[in-house]
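> Have a look at this prediction, sequence included:
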Amino acid sequence: MKIGEQAFRSIWTEGDEVAIIDQTKLPHELKIVHLTTLEDAARAIADMWVRGAPLIGATAAYGMALALRADPADASLATAYDTLHATRPTAINLRWALDAVRERVGRLDPGARAAAAWTLAGEIADEDVATNRRIGENGLAIIEAIARTKTPGEAVNVLTHCNAGWLATVDWGTATAPVYLAHDKGIPVHVFVDETRPRNQGAGLTAFELGHHGVDHTLVVDNAGGHLMQHGLVDLCIVGSDRTTALGDVCNKIGTYLKALAARDNGVPFYAALPASTVDWRVRDGVAEIPIEQRGGDEVSHVVGMSDRGTVERVRIAPETTPVANYAFDVTPARLVTGLITERGVCAASEAGLAGLFPELARKRA
Ligand SMILES: CSC[C@H]1O[C@H](OP(=O)(O)O)[C@H](O)[C@@H]1O
């Protein structure tokens, strides 16, 4: 998507280096970072310079290629896999991408591995762009159906949580792709953007994206969603996913579950938008089985932002002695999910729904 007049992906190559946008600096600074080693890629994921399940997967695939360029031996391949896999536990695209690279290169002569991994990483990135465009087209139909119930010029109001935009993927985003396509088609659309404590991906990333694309949006505190829905101000919730189970439970940024509860209580359709690479076919009970990342307490006890003096500063908002728990994700049970918007269509959040769209994948894991 565009930042100003310049088109960007969230990750790309420059020669034999991997270029990313350091998302911890947005929206105040557009900082491009070049990854040249396995350690660079691992740190970029762990420290959330890049984040979002599909982008984590693409970055990890390039990280494997960088590792194999330095040392293509079996031990190096294994170390690279383990190092990258240990960066963050929840988004399944990480394991999906690492498995894809290991499967592609494992049986090759070591001398051919780095190039094959680099090529596959590029394919994963390109396929993610195409996949998200298809997710957008499938989700667009939902927005269009709501638009037909509106008076001419009246906007469809979408609420989203965290950032499941082009910055969470290689391009287009998942939850935002239908919004971008609706906007580009001239359908009036407005987005309520959950700020999404504690990392504020909504305030700093989704608002940044939507603003640069010209999509009407309003930033709200995370806890406003229920009020907005009670007052009929939300027509549709679309969120992303970090891992969706074979039965349709949706693991996503902390707070998503509460939004789904409010949506159900107020009769608001609640969709998750995700590619097949975000489905964990091995998991059936998301609440019981999906590992929920716990990050450092300083992400909750401190906030980072631009001071009135124009400098980016980090300030403490809780007493130094206060213990902090920082759960990064929660799981929305399938029963609260209206549907899953995928690259192959929209389905029920159920085993039958997912198997109907992806029979070959459901069978493989059965
Ligand atoms: C398209 S996946 C986006 C997904 O990832 C975010 O988590 P994080 O920023 O911690 O990587 C959030 O759960 C988004 O919905």
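Received it, and whenever you're ready, just let me know what you need.
> alpha carbons only for contacts and neighbour counts from here, please
OK.
> Who are the contact partners of residue 140?
By CA atoms under 8 Å, 6 or more residues apart in numbering, the contact list for residue 140 reads 178, 179, 181, 182.
> host element of it?
helix 110-147 (DSSP states H and E).
> Output stretch 21-40 as PDB, restricted to C-alpha atoms.
Only the C-alpha atoms of stretch 21-40 are listed here, as PDB (Å, rounded to 0.1, in the frame of the first residue of the first chain):
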ATOM      1  CA  ILE A  21       9.900  -1.200   8.000                       C
ATOM      2  CA  ASP A  22      10.700  -1.000  11.700                       C
ATOM      3  CA  GLN A  23       7.100  -0.800  12.900                       C
ATOM      4  CA  THR A  24       8.100   0.200  16.500                       C
ATOM      5  CA  LYS A  25       9.000   3.600  15.100                       C
ATOM      6  CA  LEU A  26       5.700   4.200  13.300                       C
ATOM      7  CA  PRO A  27       3.700   6.500  13.100                       C
ATOM      8  CA  HIS A  28       6.400   9.000  14.000                       C
ATOM      9  CA  GLU A  29       9.300   7.800  11.900                       C
ATOM     10  CA  LEU A  30       9.500   5.700   8.700                       C
ATOM     11  CA  LYS A  31      12.700   3.700   9.400                       C
ATOM     12  CA  ILE A  32      13.800   1.100   7.000                       C
ATOM     13  CA  VAL A  33      16.000  -1.600   8.500                       C
ATOM     14  CA  HIS A  34      18.100  -4.100   6.500                       C
ATOM     15  CA  LEU A  35      18.300  -7.700   7.800                       C
ATOM     16  CA  THR A  36      21.500  -9.600   6.800                       C
ATOM     17  CA  THR A  37      21.700 -12.400   9.300                       C
ATOM     18  CA  LEU A  38      19.600 -14.900  11.100                       C
ATOM     19  CA  GLU A  39      20.000 -12.900  14.300                       C
ATOM     20  CA  ASP A  40      18.700  -9.800  12.600                       C
END
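> roughly how far out does that stretch sit from the chain middle?
Relative to its chain's centre, stretch 21-40 lies at 17 Å (CA atoms, centre = their mean, to the nearest Å).
> what comes up buried for stretch 352-366?
Buried residues in stretch 352-366, defined by neighbour count with 16 or more other CA atoms under 10 Å: 352, 353, 354, 355, 357, 361, 362.
> Pipe the residues you listed into CSV and attach distance to the ligand, pLDDT and secondary structure per row.
What follows is the buried residues of stretch 352-366, written out as CSV (distance: CA to the nearest ligand atom, whole Å; pLDDT from 0 to 100; DSSP: H, G, I helix; E, B strand; the rest coil):
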residue, distance to the ligand, pLDDT, secondary structure
352, 23, 98, helix
353, 20, 98, helix
354, 18, 98, helix
355, 21, 97, helix
357, 19, 98, helix
361, 20, 96, helix
362, 21, 93, helix
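> which one among these gets closest to residue 316?
Ranked by distance to residue 316 (CA to CA), the buried residues of stretch 352-366 are led by residue 354 at 44.1 Å.
> How about that closest one: what's its closest non-neighbour residue?
Once flanking residues are discounted, residue 354 sits nearest to residue 347: 6.6 Å by CA to CA, 6 or more residues apart in numbering.
> Give me the pLDDT for the residue in the stretch 51-200 of the chain that the ligand sits nearest to.
Closest approach between the stretch 51-200 of the chain and the ligand, counting by CA to the nearest ligand atom: residue 52, at 3.5 Å. What the model reports for residue 52 is a pLDDT of 98.
> measure it to residue 87 for me?
Counting by CA to CA, to the nearest Å, the gap from residue 52 to residue 87 is 13 Å.
> Residue 61 is in contact with residue 95, isn't it?
No - counting by CA atoms under 8 Å, residue 61 stays clear of residue 95, with 9.8 Å between them.
> What count of nearby residues applies to residue 112?
14 (other CA atoms under 10 Å).
> So which residues on the stretch 51-200 of the chain come close to the ligand?
With CA under 6 Å from any ligand atom as the criterion, the stretch 51-200 of the chain comes near the ligand at residues 51, 52, 53, 54, 162, 163, 164, 168, 169, 174.
> List the contacts of the first one.
This means residue 51. Shown in contact with residue 51 (CA under 8 Å, 6+ apart): 23, 45, 167, 168.
> per-residue pLDDT, the closest residue to residue 341 other than its chain neighbours?
Leaving aside its chain neighbours, residue 341 sits nearest to residue 273 (4.5 Å; criterion: CA to CA, 6+ apart). With respect to pLDDT, residue 273 has a value of 98.
> Residue numbering should commence at 377 henceforth.
Sounds good: first residue 377 from here, last item residue 649.
> I'd like to know how far residue 649 sits from residue 627.
For residue 649 relative to residue 627 (CA to CA), the value is 12 Å.
> doesn't residue 532 make contact with residue 568?
No - contact criterion CA under 8 Å: residue 568 and residue 532 do not qualify, at 10.7 Å.
> Show the contacting residues for residue 709.
Applying CA under 8 Å, 6+ apart to residue 709 gives the contacts 624, 625, 626, 633, 662, 663.
> Please state the backbone phi and psi of it?
Residue 709 adopts backbone torsions of phi -60, psi 150, taken as degrees, to the nearest 10.
> can you tell me how far it sits from the ligand?
The gap separating residue 709 from the ligand is 15 Å, by CA to the nearest ligand atom, to the nearest Å.
> And that residue, how far from residue 636?
Taking CA to CA, one finds residue 709 at 9 Å from residue 636.
> before we move on, what about residue 645?
Residue 645 sits at a distance of 9 Å from residue 636 (criterion: CA to CA).
> Give me the common contacts of those two.
Contact with both residue 645 and residue 636 is made by residues residue 713, according to CA under 8 Å, 6+ apart.
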